[in-house]
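1. sequence first, predicted model second:
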Amino acid sequence: MATLLQVKGLKTQFFTQDGIVSAVNGISYELNEGETLGIVGESGCGKSVSVLSLMRLIPSPPGRIVGGEGWFQGRDLLKMDNEEIRSVRGNKIAMIFQDPMTSLNPVLTINQQVSEALELHLGMDKKQSRKRSIELLELVQIPDAADRMDDYPHQFSGGMRQRVMIAMGLSCNPQLLIADEPTTALDVTIQAQIIELVKQLKDEIGMAVIWITHDMGVIAGLADRVNVMYAGYIIESADVKDLYADPRHPYTLGLLGSLPRLDAGPKEKLTPIEGLPPDLIDMDPGCPFAPRCKYAFDRCLEEMPPLETVARRHIAACWVDVTGGKR
Amino acid sequence: MGRYIVRRLLWMIPMLFIVSVITFAFAHAVPGGPFNREKPLPAEIIANLEKYYGLDQPVWKQYVDWFGGIVTRLDFGPVYSSRSRRVNDIFADHLPVSAQLGILATLIAVGIGMPLGILAALKQNTFWDYLGMAGAIFGVSVPNIVLGPLMILIFALTLGWLPVAGWGTPAQMIMPALALGTGSAAVIARLTRASMLQVIREDYIRTARAKGLGERIVMVRHALKNALIPVATILGPMFAALITGTFIVELIFAIPGMGKYFITSITNRDYPVVMGAFMVWAVALILANIAVDITYAFLDPRIRFD
């Protein structure tokens, strides 16, 4: 399969009054056409910033992409001028966001909001874009789509709004859909519906998906490959089956250990990861996870381990071999 | 919507009743009477005058006569300082002038303030932002009483572009309207900027950008309508205050408006004029606020009446 997106050494920092926040610290990965990549990690680990950087949607100032490349269909997203990146956004690469309650404009109708990308990128007139918007709302299974076109976002429930967001994202048949925690703000049954919907649409349209979440369970059912991020680094990356069956980084072990399991005994406790993620201002030279890691030894505090191949299509950044370690 | 407006208009009746009671009470609480002069009038003359204007009646009777006159005949009563004129004549002469000045000042305030605020927000932390906000601070802090003479000095006396004072020709209206509108323009500019800056951090603005929309469309279609809601809120009272007369600007530019007359009437304890002016301002304020509430419905679909 052909490579759709190749990220090399992406580095994004925020220049704040308290100092330089290193949000993304030189991450690299590839994504094939039609593939689904999960990016997992806890809040503030740089998941969102890494994809917003590719879309060039980092608020600047204070944010700035200080290095790296993001090759998409033979062009570097990070080197494009404003005009070029705008022609990609919403067109070749679409994005849906975490909170559907705040991500739609409250004062514009659904028709206005879904239609505008169609008019902009595909040059449709008002009538065509309206017709296509109705089809899109039907595609994302909004009941009575035609009658609801002139409603406003506040007349929709959270799940329905996220469907509208997805319809907006899909409007120009993107090659890549970036979903930034799209189910986090929804309750569990709606989550399942949205995930099912995206899976189904992905098969129909054949687009690639980057799905950002902190929910390991969501990723298991959805992704082909998974990047685990911590403190702005990718610390492990593998095919989804391998990651769950054979995690090679203490942090991934910890994440999996803190998941509730159906096959666990009644008295079995969840193992949380102790401590907090590091402050991203003035980070210490060693592995950022070392202070929380039960495997850590001297070297971990002094030197950041490089990402190394540990198995087929499986890389991890750790000085210790944690194969078969307790979750 | 129609029912809502009717309901709001009906609510004016109790509100104006309360305003009239308070106004009447305050006016009559002011020490001294309308016929106290530096050189006192003979007691018999004062008694005669008071009898003539009904001021010898019990206070509640005076109130009923006054408010009854307004409600039944739209008659705001006599003017103590002039036998031949009544308050309605004063209003007919002076209110249109003040309203004209106030409308022009409001147009200037909105016309300068809003674009300035938007520009400052779009160019946040750049030269243009600092320049615009420095101008706004100047506008807020320099009072009319300084700005008016300053403008006369520059534009009338030094450059000779505009007439020094007076009212009637468009050229005569420019300086007073500017002097009166500048402060409000500054307030609007600062509020618009703050509101825009808040809105452009909203998630839906990021969504709009993620669609690939150009910055102009993002600002005009997605940000502006949301940002104008707080601005509309202050426009109501601002407009009501500007059109009902402003003492200082009218005095500086020798404009025969309501503001000047109002202040002289207070010092003369000319009760009916003072109370009448208050009532007019109250009506203007209530109507302006109703207009603002109706504007909300157009700006924000989440706001629905009835």
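-> Happy to help now that I have it. Numbers count the residues shown, from 1 in each chain, chains lettered A, B, ... in the order given.
2. what residues does the stretch 151-300 of chain A have near chain B?
-> Within reach of chain B by C-beta under 8 Å from any C-beta of the partner chain, the stretch 151-300 of chain A has these residues: A:152, A:154, A:165, A:168. Every residue, glycine included, has its C-beta placed from N, CA and C.
3. wait, a strand at the last one?
-> No. The secondary structure assignment for A:Met168 gives helix rather than a strand, going by DSSP: H, G, I helix; E, B strand; the rest coil.
4. quick check: closest non-adjacent residue to it.
-> Leaving aside its sequence neighbours, A:Met168 sits nearest to A:Val114 (C-beta to C-beta, 6 or more residues apart in numbering or on different chains; 5.2 Å).
5. endpoints of stretch B:239-250, how far apart?
-> Stretch B:239-250 has an end-to-end distance of 16 Å (criterion: C-alpha to C-alpha, to the nearest Å).
6. secondary structure element holding the residue nearest to A:Met168?
-> Using DSSP states H and E, A:Val114 maps to helix A:110-122.
7. that helix packs against which elements?
-> Under the contact criterion of 3 or more C-beta pairs under 8 Å, 6 or more residues apart in numbering or on different chains; DSSP states H and E, helix A:110-122 touches helix A:126-139, helix A:158-170.
8. how about the residues of the stretch 1-150 of chain B by chain A?
-> Residues of the stretch 1-150 of chain B lying near chain A (C-beta under 8 Å from any C-beta): B:Asn125.
9. hey, where'd the helices end up in the stretch 1-150 of chain B?
-> B:2-29, B:43-52, B:59-73, B:87-122, B:127-141, B:144-151 (DSSP state H, counting those that start in this stretch).
10. pick the most deeply packed of those helices.
-> When those are scored by mean count of other C-beta atoms under 10 Å in any protein chain shown, the highest mean neighbour count falls to helix B:87-122 (a mean of 20).
11. and that helix, what does it pack against?
-> Checked by 3+ C-beta pairs under 8 Å, 6+ apart, helix B:87-122 has helix B:127-141, helix B:170-199, helix B:225-243, helix B:247-252, helix B:258-267, helix B:271-299 packed alongside it.
12. pLDDT of the longest one, averaged?
-> So that's helix B:170-199. The average pLDDT for helix B:170-199 rounds to 92.
13. thinking again about what came up before, for the helices of the stretch 1-150 of chain B, give me a markdown table that also has mean pLDDT.
-> Listed next are these as a markdown table, based on pLDDT from 0 to 100:
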| stretch | mean pLDDT |
| --- | --- |
| helix B:2-29 | 90 |
| helix B:43-52 | 85 |
| helix B:59-73 | 89 |
| helix B:87-122 | 91 |
| helix B:127-141 | 90 |
| helix B:144-151 | 89 |
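14. find the centremost residue of chain A, please.
-> Nearest to the geometric centre of chain A sits A:Ile212, at 2.5 Å (C-alpha atoms, centre = their mean).
15. surely that one forms part of a helix?
-> No. Using three-state DSSP, the secondary structure at A:Ile212 is strand, not a helix.
16. select, out of the helices of the stretch 1-150 of chain B, the one closest to A:Leu5.
-> helix B:87-122 (31.9 Å; C-beta to C-beta).
17. got the angle between that closest one and helix B:225-243?
-> Put simply, helix B:87-122 runs at 150 degrees to helix B:225-243, going by axes from the mean of the first three to the mean of the last three C-alpha atoms, to 10 degrees.
18. who are the contact partners of B:Tyr63?
-> By C-beta atoms under 8 Å, 6 or more residues apart in numbering or on different chains, the residues touching B:Tyr63 are B:20-21, B:24.
19. any regions of the stretch 1-150 of chain A where pLDDT drops low?
-> A:1 (pLDDT under 70).
20. which one of the helices and strands packed on helix A:110-122 lies closest to A:Gly9?
-> Per C-beta to C-beta, nearest to A:Gly9 of those: helix A:158-170, 27.5 Å.
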